[in-house]
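> Let me see the structure of the following:
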Amino acid sequence: MVNDRPSNSGRVIGETLLLFSLLAAALWLFTWNNEFPSTLHADEGGKVDFILKNRPPDFHHPLLLIQTGRLIQTVTNWPGVEGAARAGRWGSAMAGVLLLLGFYFWVRRPLGAGWALVGTAILAMMPLLAVHAHYVKEDVMLTAAIVAVVVALRCWRENDELWTLMLLGAALGMAAASHYKSVLMLVIMA
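Got it, this is the predicted structure:
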(Lines give C-alpha, C1' and ligand atoms only; values in the text may rest on other atoms or scores of the structure.)
Protein backbone atom coordinates (compact mmCIF):
# COMPACT_ATOMS: atom_id res chain seq x y z
CA MET A 1 0.00 0.00 0.00
CA VAL A 2 1.33 3.42 -1.01
CA ASN A 3 1.23 6.24 1.51
CA ASP A 4 -0.47 9.25 -0.11
CA ARG A 5 0.45 11.61 2.71
CA PRO A 6 3.31 14.01 2.09
CA SER A 7 6.42 13.30 4.08
CA ASN A 8 7.05 15.30 7.23
CA SER A 9 10.03 17.04 5.63
CA GLY A 10 7.95 17.90 2.57
CA ARG A 11 5.28 19.44 4.77
CA VAL A 12 7.87 21.46 6.70
CA ILE A 13 9.38 22.73 3.44
CA GLY A 14 5.93 23.71 2.19
CA GLU A 15 5.09 25.52 5.42
CA THR A 16 8.44 27.32 5.33
CA LEU A 17 7.92 28.41 1.73
CA LEU A 18 4.43 29.66 2.53
CA LEU A 19 5.72 31.55 5.56
CA PHE A 20 8.55 33.22 3.64
CA SER A 21 6.19 34.07 0.79
CA LEU A 22 3.83 35.65 3.29
CA LEU A 23 6.66 37.63 4.90
CA ALA A 24 7.90 38.82 1.49
CA ALA A 25 4.39 39.94 0.56
CA ALA A 26 4.09 41.75 3.90
CA LEU A 27 7.39 43.56 3.30
CA TRP A 28 6.08 44.63 -0.09
CA LEU A 29 2.84 45.85 1.52
CA PHE A 30 4.69 47.71 4.29
CA THR A 31 7.01 49.48 1.82
CA TRP A 32 4.55 49.99 -1.03
CA ASN A 33 4.05 53.66 -1.90
CA ASN A 34 6.51 54.61 0.85
CA GLU A 35 8.10 57.60 -0.84
CA PHE A 36 5.71 60.28 0.39
CA PRO A 37 7.04 63.59 1.77
CA SER A 38 8.62 63.43 5.23
CA THR A 39 6.47 66.40 6.29
CA LEU A 40 3.27 64.34 6.00
CA HIS A 41 3.60 62.98 9.55
CA ALA A 42 4.61 65.53 12.18
CA ASP A 43 6.50 63.01 14.30
CA GLU A 44 8.88 61.95 11.53
CA GLY A 45 10.86 65.21 11.32
CA GLY A 46 12.76 64.86 14.58
CA LYS A 47 13.57 61.22 13.97
CA VAL A 48 14.77 61.97 10.45
CA ASP A 49 17.07 64.67 11.89
CA PHE A 50 18.51 62.09 14.28
CA ILE A 51 19.02 59.63 11.43
CA LEU A 52 20.90 62.33 9.51
CA LYS A 53 22.95 63.08 12.67
CA ASN A 54 21.84 66.71 12.54
CA ARG A 55 20.86 66.63 16.20
CA PRO A 56 22.77 65.49 19.25
CA PRO A 57 21.29 62.45 21.00
CA ASP A 58 18.76 63.32 23.67
CA PHE A 59 17.35 59.83 24.33
CA HIS A 60 13.78 61.01 23.71
CA HIS A 61 13.72 59.02 20.51
CA PRO A 62 14.23 55.26 20.39
CA LEU A 63 17.82 54.26 19.80
CA LEU A 64 16.90 51.12 17.84
CA LEU A 65 14.78 53.07 15.34
CA ILE A 66 17.44 55.74 14.81
CA GLN A 67 20.35 53.30 14.45
CA THR A 68 18.36 51.03 12.14
CA GLY A 69 17.52 54.03 9.94
CA ARG A 70 21.18 55.10 9.89
CA LEU A 71 22.31 51.61 8.95
CA ILE A 72 19.78 51.33 6.13
CA GLN A 73 20.66 54.78 4.82
CA THR A 74 24.36 53.92 4.91
CA VAL A 75 23.79 50.68 3.00
CA THR A 76 21.37 52.13 0.45
CA ASN A 77 22.99 55.57 0.18
CA TRP A 78 19.60 57.26 -0.18
CA PRO A 79 20.41 60.97 -0.10
CA GLY A 80 19.11 63.79 2.08
CA VAL A 81 16.07 64.18 4.27
CA GLU A 82 13.78 62.12 2.05
CA GLY A 83 16.38 59.35 1.89
CA ALA A 84 16.63 59.31 5.69
CA ALA A 85 12.84 59.18 5.95
CA ARG A 86 12.74 56.32 3.48
CA ALA A 87 15.45 54.46 5.42
CA GLY A 88 13.55 54.91 8.68
CA ARG A 89 10.37 53.70 7.04
CA TRP A 90 12.16 50.61 5.78
CA GLY A 91 13.33 49.99 9.34
CA SER A 92 9.74 50.13 10.55
CA ALA A 93 8.64 47.85 7.70
CA MET A 94 11.29 45.26 8.54
CA ALA A 95 10.26 45.41 12.20
CA GLY A 96 6.72 44.69 10.99
CA VAL A 97 7.99 41.59 9.22
CA LEU A 98 9.80 40.48 12.39
CA LEU A 99 6.58 41.06 14.32
CA LEU A 100 4.76 38.74 11.92
CA LEU A 101 7.47 36.10 12.22
CA GLY A 102 7.31 36.25 16.02
CA PHE A 103 3.51 36.07 15.95
CA TYR A 104 3.66 33.01 13.71
CA PHE A 105 5.97 31.18 16.13
CA TRP A 106 3.87 32.29 19.08
CA VAL A 107 0.61 30.82 17.72
CA ARG A 108 1.96 27.91 15.69
CA ARG A 109 2.02 25.39 18.52
CA PRO A 110 -1.49 25.96 19.88
CA LEU A 111 -3.16 26.48 16.49
CA GLY A 112 -1.04 24.43 14.10
CA ALA A 113 0.91 25.65 11.11
CA GLY A 114 -2.07 26.20 8.81
CA TRP A 115 -4.04 28.38 11.19
CA ALA A 116 -0.86 30.17 12.27
CA LEU A 117 -0.26 31.12 8.63
CA VAL A 118 -3.84 32.33 8.27
CA GLY A 119 -3.59 34.36 11.48
CA THR A 120 -0.26 35.84 10.42
CA ALA A 121 -1.69 36.82 7.03
CA ILE A 122 -4.66 38.50 8.71
CA LEU A 123 -2.35 40.38 11.07
CA ALA A 124 -0.21 41.52 8.11
CA MET A 125 -3.26 43.07 6.45
CA MET A 126 -4.55 44.83 9.55
CA PRO A 127 -4.63 48.57 8.84
CA LEU A 128 -3.13 49.39 12.24
CA LEU A 129 0.03 47.42 11.46
CA ALA A 130 0.18 48.18 7.74
CA VAL A 131 -0.15 51.94 8.28
CA HIS A 132 2.25 52.18 11.22
CA ALA A 133 4.86 50.17 9.32
CA HIS A 134 4.91 52.98 6.74
CA TYR A 135 6.19 55.66 9.12
CA VAL A 136 9.39 56.40 10.99
CA LYS A 137 7.75 55.48 14.29
CA GLU A 138 8.78 53.24 17.14
CA ASP A 139 5.41 51.54 17.64
CA VAL A 140 6.02 48.61 15.30
CA MET A 141 9.53 48.04 16.68
CA LEU A 142 8.20 48.04 20.24
CA THR A 143 5.45 45.57 19.36
CA ALA A 144 7.91 43.31 17.52
CA ALA A 145 10.22 43.40 20.53
CA ILE A 146 7.40 42.55 22.94
CA VAL A 147 6.36 39.57 20.81
CA ALA A 148 10.02 38.49 20.65
CA VAL A 149 10.28 38.63 24.45
CA VAL A 150 7.09 36.59 24.88
CA VAL A 151 8.26 33.93 22.41
CA ALA A 152 11.77 33.84 23.91
CA LEU A 153 10.37 33.63 27.44
CA ARG A 154 8.23 30.66 26.48
CA CYS A 155 11.26 28.97 24.85
CA TRP A 156 13.37 29.57 27.95
CA ARG A 157 10.69 28.27 30.34
CA GLU A 158 10.30 25.09 28.27
CA ASN A 159 13.98 24.52 27.60
CA ASP A 160 16.38 26.21 29.99
CA GLU A 161 19.45 25.76 27.83
CA LEU A 162 21.97 28.55 27.32
CA TRP A 163 20.80 29.41 23.79
CA THR A 164 17.25 30.09 25.01
CA LEU A 165 18.58 32.39 27.73
CA MET A 166 20.68 34.21 25.13
CA LEU A 167 17.60 34.54 22.90
CA LEU A 168 15.66 36.01 25.82
CA GLY A 169 18.47 38.44 26.58
CA ALA A 170 18.62 39.59 22.96
CA ALA A 171 14.85 40.07 22.87
CA LEU A 172 14.92 42.06 26.11
CA GLY A 173 17.75 44.20 24.72
CA MET A 174 15.76 44.85 21.56
CA ALA A 175 12.76 45.82 23.68
CA ALA A 176 14.81 48.15 25.85
CA ALA A 177 16.25 49.89 22.79
CA SER A 178 12.88 50.17 21.04
CA HIS A 179 10.96 52.39 23.47
CA TYR A 180 10.88 53.53 27.08
CA LYS A 181 7.53 51.77 27.55
CA SER A 182 9.38 48.49 27.27
CA VAL A 183 10.00 48.73 31.01
CA LEU A 184 6.61 47.00 31.20
CA MET A 185 8.41 43.86 30.03
CA LEU A 186 9.83 43.60 33.53
CA VAL A 187 6.27 43.11 34.78
CA ILE A 188 5.73 40.34 32.24
CA MET A 189 9.03 38.76 33.22
CA ALA A 190 8.07 38.80 36.90
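> switch to C-alpha atoms for all contacts and neighbour counts from now on
Fine.
> tell me what the lowest-mean-pLDDT helix or strand in the chain is packed against?
Least confident helix or strand of the chain, by mean pLDDT, DSSP states H and E, is helix 185-189 with a mean of 77. With contacts defined as 3 or more C-alpha pairs under 8 Å, 6 or more residues apart in numbering; DSSP states H and E, the packing partners of helix 185-189 are helix 139-158.
> Rounded mean pLDDT for the helix it packs on, please.
For helix 139-158, mean pLDDT is 93.
> What residues sit buried inside that helix?
139-153, 155-156 (16 or more other C-alpha atoms under 10 Å).
> Now the residue positioned nearest the centre of the chain: which helix or strand?
Centroid-nearest residue in the chain: A95, 2.3 Å away (criterion: C-alpha atoms, centre = their mean). Element membership for A95, per DSSP states H and E: helix 80-111.
> Show me what counts as buried in that helix.
Applying 16+ other C-alpha under 10 Å to helix 80-111 flags 81-108 as buried.
> related to what we said a few turns ago, how near is the residue nearest to the centre of the chain to A190?
From A95 across to A190, the span is 26 Å (C-alpha to C-alpha, to the nearest Å).
> Tell me how many other residues crowd R55.
By the criterion of other C-alpha atoms under 10 Å, R55 has 12 neighbours.
> so what's it up against?
R55 sits next to D49 when contact means C-alpha atoms under 8 Å, 6 or more residues apart in numbering.
> Lovely, talk soon.
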